[in-house]
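>>> Give me the fold of what follows.
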Amino acid sequence: MQLIRFVWVGNIVPDTDGYTLLESLRSLPEEIHDKIEVVICGNGTLIQDFKEAAKELAFLKVVGWVNKKELSVLLESSNIGLLCYL
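Residues are numbered from 1 along each chain as shown. Alright, predicted model coming up:
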């Protein structure tokens with residue numbers, strides 16, 4: 001079964017409501033953990049919080065800053081883009 005890939009690209013800072021996304025990811029039912037992948041691309045003050053969460057959430061991948069070519073490949077292989085703003 002192919003994973004459903006979500007991707008968030010941008011500034012990983014409080015103004016983008018990253019804490020709400022983190023809490024939402026932590027509250028997902030375990031039965032879908034093996035069906036999804038959430039990829040976080042970018043830098044900012046919340047990146048360490050996402051890296052810590054990724055230690056307990058196997059479906060969460062924090063890749064940090066990516067170049068234009070890497071981003072293009074990632075977006076083409078993703079199913080859903082995430083926009084998080086207050």
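
>>> any idea how far Ala58 is from Leu71?
Going from Ala58 to Leu71 by CB to CB, to the nearest Å gives 23 Å. Every residue, glycine included, has its C-beta placed from N, CA and C.

>>> what does Leu3 give?
Distance, Leu3 to Leu71, using CB to CB: 19 Å.

>>> Compare neighbour counts for these two and give me the winner.
Per other CB atoms under 10 Å, whichever of Leu3 and Leu71 has more neighbours is Leu71, with 16 against 13.

>>> Am I right that the more buried one falls within a helix?
Yes. Counting by DSSP: H, G, I helix; E, B strand; the rest coil, Leu71 is located in a helix.

>>> didn't it look like it was pressed against Cys41?
Yes. Leu71 is within contact range of Cys41, at 6.7 Å (criterion: CB atoms under 8 Å).

>>> shared neighbours, these two?
With contacts defined as CB atoms under 8 Å, 6 or more residues apart in numbering, the residues adjacent to both Leu71 and Cys41 are Val9.

>>> For Val39, list the residues it contacts.
Contact partners of Val39, counting by CB under 8 Å, 6+ apart, are 5-8, 61-63, 74, 78.

>>> Could you tell me the end-to-end distance of stretch 34-47?
23 Å (CA to CA, to the nearest Å).

>>> what does the average pLDDT come to for that stretch?
Computed over stretch 34-47, the mean pLDDT rounds to 96.
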